[in-house]
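>>> Give the three-dimensional model of this entry:
(chains A and B)
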Amino acid sequence: MRVLSLGRWLRAGRVPPREPASRPSGHRHSGHRPQGPPQELPQGPSQVPPQQKVSVEVLEHLEHLALVDFRDSEGVERLQKAIQFADQLHEVNTDGVEPMDSVLEDRCLYLREDDVTEGNCTKELLENARETVEEYFVAPPGNIPLVKLEGQKTFLQGSK
Amino acid sequence: MLRSSLRQVSAALKEGRVTPTELCQRCLALIKSTKFLNAYITVTEETALKQAEESEKRRKRGQPLGILDGIPIAVKDNFNTAGIETTCASNMLKGYISPYNATVVQKLLDQGAVLLGKTNLDEFAMGSGSTDGVFGPVRNPWSYSKQYKEKSVPKSHSEDEEYNWVITGGSSGGSAAAVSSFTCFAALGSDTGGSTRNPAAHCGVVGLKPTYGLISRHGLIPLVNSMDVPGILTRCVDDAAVLLGSLAGHDPKDSTTIQDDFKPFELPDLPDVSKLSIGIPKEYHAPGLSSEILSLWSKAADLFKNAGAKVVEVSLPHTRYSIVCYHVLCTAEVASNMARFDGLEYGHRSDVKDSTESMYAATRREGFNDVVRGRILSGNYFLLKQNYEKYFVKAQKVRRLIANDFGKVFGSGVDILLTPTTLSDAVPYTEFIQEDNRTRSAQDDILTQAANMAGLPAINVPTALSERGLPVGLQFIGRSFQEKQLLTVAKWFEKQVQFPVIQLEEAERHDNGVFQHQKSASFS
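Below you'll find the model as predicted:
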């Protein structure tokens, strides 16, 4: 019995072979009704090659890129599960398939004329910022990489 | 009066049977007495009454702005509304007062609609239960309906009502609950993976996801730029057509809206489906689909067949991968979209002052909940240089395969697809929170999100009540930009099933006016 990771309702074991696909016909038979046992969903870990744990270096790199921390082991676990889930994509054969950026790829995006039609809303925009000086947003000093700081040790740094 | 449809109440306003101010006041009063639903984050009482007054003046002069003049509506809290707090149910934007109106909001206001307030959602629209926002979960009005209470196993008194309330679904749960509990006549939601259709199914209302590119996203705080659309929630299909007519069309401020002219349409009174071909995608018989819904789906197919439509089984072979594909693309786009929240120009800002980066990091740690942070981190993982081809580009390729599946089916003569919207009726909150957000989203979005992948229009039509007395809906998916055909089929189906009206004590108490009652000749 394989243990499946996607929720309580997936059945373990193989899905029995389906009834032969019904042909659309006008007559008595229920070819139009949803038939057969449920379709198999991508399975969990057993069908996909066992995945390596994400290294601490990568985790730290992610924290730095995202400027968001994992906070605790649950956060890291969540990422592992997300990667595992995404690995099922590799079952699909995509040879010769172009990536799709947008469903509107057959059309041209609208480009308007380079004329100023609105603006002059400095006051409104500054109102939402907590720290401003005259017409400037105020930021703390920049060019100081996150890692070198004291103060908040992220979960990962603490666990090293 | 509160339980009528939008068109009915608009007629009442026109004929002077009720005034916009009266209507607004009644809705506001009902919102107060249904506060326990937690459907609204912000109720804009003063501005609503002002708008109602203006509408009344216009109507008295005989110059209404249109069918929507004076109609109370609600808007999901991830649409920017000028002068009104827009929070996305997140600490990150608590206290953020938008400086502008989203285009769809502006359009509604320009036509005289009365904005009652902003509705509750999952934080940043991430979730399928409307349970993960900082203002708490939204309760499904049907939890308090006579129909649900009658079917509940009687235990001990009212304590269990608290315990047994069911979720609205998400992430536009607040909007769905607001429409379902009669506090407004229509509401805006957003739909990225099913966020309008899912709560519509659970709350027994019509939820329309328009074609991507039809309605402007300007002012809708983005989740996934290539899949988001504003969604429409109403009590009947005709109302959805009215809203669509008011909102659709090119917007110079959103260059992803198509430039074709959009002509608002009215649906035929007696729709005819006999010349259509309805497709039943077999892959939508997903694991976990409740037998009740399966049987309703079958009966619906029979209905169409008996009306003379051609009903065929079709195949969308990549359906099983669409949720995985969505997971990758969604988190990747989220990682990018959430990067704008750094505390510098708007929103929450941490007190940390040591450096820009540390301030950003602290702000984001304090402002986002686990769900959002989890998605940002996953998204960044998939976008790492070493993973970009393997995951992100791969997912984009799979997306094309999914879109092609639909293209093939529609190209083979099928006009509309009929599928279930959800796997089951609404579950109790206590059960729902047993699994984490990502698992739930993966489970619940399965039937709805392929339409977002392909950008197709889709609509949930409430079909029948389950054995537990809760709504169940079915979904129709149409061809791109063929909303008229989609809504015509949906209207026909709606007429056939005669979905019962929710019997909600609070609404009945507030509503002693003219009331149109739908005969509940139950479909099931």
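>>> Okay, helices next: where are they in the stretch 51-200 of chain B?
Assigned by DSSP state H, counting those that start in this stretch, the helices in the stretch 51-200 of chain B fall at B:103-110, B:146-151, B:159-164, B:173-180, B:197-203.
>>> Rounded mean pLDDT for the fourth one, please.
The predicted model gives helix B:173-180 an average pLDDT of 96.
>>> outside of the host helix or strand of residue B:233, which residues touch it?
Assigned by DSSP states H and E, residue B:233 belongs to strand B:229-234. By Cβ atoms under 8 Å, 6 or more residues apart in numbering or on different chains, the residues outside strand B:229-234 that reach it are B:5-6, B:79, B:104, B:172, B:175-176, B:179, B:185-192, B:195-197, B:199-200, B:205-212, B:214-217, B:220, B:240, B:242-244, B:247, B:452. Quick note: C-beta positions are derived from backbone N, CA and C, even for glycine.
>>> so it versus helix B:103-110, what angle?
40 degrees (axes from the mean of the first three to the mean of the last three Cα atoms, to 10 degrees).
>>> still on that earlier bit, chain A is nearest to which of the helices of the stretch 51-200 of chain B?
helix B:103-110 (12.7 Å; Cβ to the nearest Cβ).
>>> For the closest one, enumerate the helices and strands it packs against.
Where contact means 3 or more Cβ pairs under 8 Å, 6 or more residues apart in numbering or on different chains; DSSP states H and E, helix B:103-110 is packed against strand B:72-76, strand B:114-119, strand B:186-191, helix B:237-247.
>>> one more time with 10 Å
With contacts defined as 3 or more Cβ pairs under 10 Å, 6 or more residues apart in numbering or on different chains; DSSP states H and E, the packing partners of helix B:103-110 are strand B:72-76, strand B:114-119, strand B:186-191, strand B:229-234, helix B:237-247.
>>> Out of the helices of the stretch 51-200 of chain B, name the one with the poorest average pLDDT.
The minimum mean pLDDT among these belongs to helix B:159-164 (a mean of 64).
>>> Distance check, the residue nearest the centre of chain B against residue B:182.
Centroid-nearest residue in chain B, with Cα atoms, centre = their mean: residue B:196, separated by 2.0 Å. Per Cβ to Cβ, to the nearest Å, residue B:196 is found 19 Å from residue B:182.
>>> got it, and residue B:120?
Separation of residue B:120 from residue B:182 (Cβ to Cβ): 17 Å.
>>> higher neighbour count, the two?
Neighbour count, other Cβ atoms under 10 Å in any protein chain shown: between residue B:120 and residue B:182, residue B:120 has more, with 33 against 26.
>>> Once you drop chain neighbours, what's closest to the more buried one?
Of all residues not flanking residue B:120 in the chain, residue B:174 sits nearest, at 3.3 Å (Cβ to Cβ, 6 or more residues apart in numbering or on different chains).
>>> Likewise for residue B:395?
residue B:328 is the one closest to residue B:395 (Cβ to Cβ, 6+ apart), at 3.9 Å.
>>> Next, give phi and psi for the spatially closest residue to residue B:356 that is not a sequence neighbour.
By the measure of Cβ to Cβ, 6+ apart, the closest residue to residue B:356 outside its immediate chain neighbours is residue A:142, 4.3 Å from it. Residue A:142 adopts backbone torsions of phi -100, psi -170, taken as degrees, to the nearest 10.
>>> ok, residue A:142 - how many residues close by?
Counted with other Cβ under 10 Å, residue A:142 comes out at 9.
>>> Quick check, pLDDT for it.
Looking at residue A:142, its pLDDT is 88.
>>> do the same with residue B:398
Listed pLDDT for residue B:398 reads 96.
>>> Would you agree it falls within a strand?
No: per DSSP: H, G, I helix; E, B strand; the rest coil, residue B:398 lies outside any strand segment and is helix.
>>> ok, it to chain A distance?
Here the criterion is Cβ to the nearest Cβ, to the nearest Å. By it, residue B:398 lies 5 Å from chain A.
>>> In what element of secondary structure is the closest residue to that residue other than its chain neighbours found?
Spatially, and ignoring its direct neighbours in sequence, residue B:398 is nearest to residue B:325 (4.4 Å; Cβ to Cβ, 6+ apart). Per DSSP H and E, residue B:325 falls inside helix B:319-337.
>>> Which element is encountered next along the chain beyond that helix?
Per DSSP H and E, the first helix or strand lying C-terminal to helix B:319-337 is helix B:356-367.
>>> list the buried ones in that next one?
Neighbour counts using 16 or more other Cβ atoms under 10 Å in any protein chain shown place B:356, B:357, B:358, B:359, B:360, B:361, B:362, B:363, B:364, B:365, B:367 of helix B:356-367 among the buried residues.
>>> Can you tell me the closest non-neighbouring residue to residue B:391?
Nearest to residue B:391 is residue B:382, by Cβ to Cβ, 6+ apart, at 4.1 Å.
>>> Just the C-alphas of the helix or strand where the one you found lies, formatted as CSV.
For residue B:382, the enclosing helix or strand under DSSP H and E is helix B:370-383. Only the C-alpha atoms of helix B:370-383 are listed here, as CSV (Å, rounded to 0.1, in the frame of the first residue of the first chain):
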residue,chain,number,x,y,z
ASP,B,370,2.4,32.0,6.6
VAL,B,371,0.5,31.3,3.5
VAL,B,372,1.8,34.3,1.6
ARG,B,373,5.3,33.9,2.8
GLY,B,374,5.2,30.2,1.9
ARG,B,375,4.1,31.0,-1.6
ILE,B,376,6.7,33.7,-2.0
LEU,B,377,9.5,31.4,-1.0
SER,B,378,8.3,28.6,-3.2
GLY,B,379,7.9,31.0,-6.1
ASN,B,380,11.4,32.2,-5.7
TYR,B,381,12.7,28.7,-5.6
PHE,B,382,11.1,27.9,-8.9
LEU,B,383,12.6,31.0,-10.4
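>>> Show the contacting residues for residue B:203.
Contact analysis of residue B:203 by Cβ atoms under 10 Å, 6 or more residues apart in numbering or on different chains lists B:39, B:138, B:140-142, B:166-169, B:172-173, B:175-181, B:233, B:426, B:460, B:462, B:470-471, B:473, B:502.
>>> ok so, going back, the residue nearest to the centre of chain B reaches residue B:175, doesn't it?
Yes: with contact defined as Cβ atoms under 10 Å, residue B:196 counts as touching residue B:175 (7.8 Å).
>>> which residues do the two both contact?
Common contacts of residue B:196 and residue B:175 (Cβ under 10 Å, 6+ apart): B:76, B:187, B:188, B:189, B:190, B:205, B:207, B:231, B:232, B:233.
>>> count of residues packed around the fifth one?
The reference is to residue B:190. With other Cβ under 10 Å as criterion, residue B:190 counts 25.
>>> Thought residue B:221 was touching it, still the case?
Yes: judged on Cβ under 10 Å, residue B:190 makes contact with residue B:221 at a distance of 8.6 Å.
>>> So for those two, which residues contact both of them?
Taking Cβ under 10 Å, 6+ apart as the contact rule, residue B:190 and residue B:221 both touch B:76, B:78, B:79, B:125, B:228.
>>> Can you say which of the helices of the stretch 51-200 of chain B is nearest to residue B:264?
The closest of the helices of the stretch 51-200 of chain B to residue B:264 is helix B:103-110. By Cβ to Cβ, the value is 11.8 Å.
>>> If you count neighbours, what's buried in the closest one?
Judged by neighbour count (16+ other Cβ under 10 Å), helix B:103-110 contains these buried residues: B:103, B:104, B:105, B:106, B:107, B:108, B:109.
>>> I'd say residue A:107 and residue B:250 touch.
No: counting by Cβ under 10 Å, residue A:107 sits too far from residue B:250 to count as a contact (11.5 Å).
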